[in-house]
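1. how does the following fold in three dimensions:
(chains A, B and C)
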Amino acid sequence: MGRQPCCDKLGVKKGPWTVEEDKKLVNFILTHGQCCWRAVPKLAGLRRCGKSCRLRWTNYLRPDLKRGLLTEAEEQLVIDLHARLGNRWSKIAARLPGRTDNEIKNHWNTHIKKKLIKMGIDPLTHEPLLKEATTPQHDLEVNHEDESQKAVCSSHVSSSVPTENSSTTDESRSSSDPGDDDPLMSYIWSETIFLDDSFWNSPATSGSGSCYSNLGLPSPEDNSEWLLDYRKDFGDEDFGVGSFSDMDMIMNSVDIGSTL
DNA sequence: AACCCGCCCAACCGCGATTTT
DNA sequence: GAAAATCGCGGTTGGGCGGGT
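-> Got it, this is the predicted structure:
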């Protein structure tokens, strides 16, 4: 009765992923698509549990991930969404294309939370911190920033949630964004997708399971808009896959480039 | 140079919801 | 319908790294 265990508890490797493991996982997902995580480790030849594979893929290996710090606009959007949704990181991440729930959660805990506290805003309720609960020193600080605090509160709590497009408009997006600079990712991807034509001809890329779903990308039929917006807002070099010339290659290779 | 400390983030853990048998 | 497993999410941890002393 019930299902089979996803993996043997014995002999399952933990800890940081190696380049070899990453390559195996990427190759497997690209040829078979994202499904049946319990079967992935065995079929891909990995001594990991399916859960770990899913996490590695969604948080690090997915080609549509943006890398680098969240922009001011993204940060603002996260604050807005958090005010409405609370700690539902996956829901918040769904509004920020290319960002993972883990990434947003980390950013919230390490940056935004502190920022809000410093501004005298309770990161949980998004209301001004109670003065009774603050130290005299903090009190002064709160008074100092009273005006900005009010502005932030009203902006955070009462403003409407911007559209995905607005989340991507940020002229301050820094040039220091690591983007495609990660040598590991460059290596993995250079050795897998774009040098491996078989991927695009693989069974998983035909029929209902297009390469977009395989890559974790929205299908162009559904989401060519956001892709265009990204291209417009960030330019080619800021897109996670590597560049839009790569993306064009993907599009063309599956004969949907005309939708752009 | 050595040590300490804080920051960052990838990965793990635990749990509830969902799915499968 | 019950049991057992997967899936997905949110919370937490721990190791690497850089800056300060």
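
2. low pLDDT regions in the stretch 101-250 of chain A?
-> A:130-185, A:187-250 (pLDDT under 70).

3. what does the stretch 51-200 of chain A put close to DNA strand B?
-> A:51-52, A:55-56, A:59-60, A:69, A:102-103, A:105-107, A:110-111 (CB under 7 Å from any atom of the strand). C-beta coordinates here come from the backbone N, C-alpha and C atoms, glycine included.

4. if we use 10 Å, what do you get?
-> A:51-61, A:65, A:67-70, A:100-103, A:105-107, A:109-111, A:113-114, A:178, A:182, A:184 (CB under 10 Å from any atom of the strand).

5. which of those fall in helices?
-> A:51-56, A:101-103, A:105-107, A:113-114, A:184 (DSSP state H).

6. and the furthest pair within those residues?
-> Spatially, the most separated pair among those is A:Cys53 and A:Lys114, at 33.0 Å (CB to CB).

7. look at these two and report which has more neighbours.
-> Neighbours were counted for A:Cys53 and for A:Lys114 using other CB atoms under 10 Å; A:Cys53 has more, 26 against 12.

8. pretty sure that one is touching A:Ala39, no?
-> No - if you go by CB atoms under 8 Å, A:Cys53 and A:Ala39 don't touch, sitting 9.9 Å apart.

9. break down the stretch 51-200 of chain A into its strands, ranges please.
-> Using DSSP state E, counting those that start in this stretch, no strands are found in the stretch 51-200 of chain A.

10. show me where it has its helices.
-> Per DSSP state H, counting those that start in this stretch, the stretch 51-200 of chain A carries helices over the ranges A:72-85, A:89-94, A:101-107, A:113-118, A:136-144, A:146-153, A:164-167, A:183-190, A:197-201.

11. got the buried residues for the third one?
-> Same thing as helix A:101-107. A:Asp101, A:Glu103, A:Ile104, A:Lys105, A:His107 (16 or more other CB atoms under 10 Å).

12. contact partners of it?
-> Residues from elsewhere that reach helix A:101-107, judged by CB atoms under 8 Å, 6 or more residues apart in numbering: A:Leu55, A:Asn59, A:Leu69, A:Leu70, A:Glu75, A:Val78, A:Asn87, A:Trp89, A:Ser90, A:Ile92, A:Ala93, A:Leu96.
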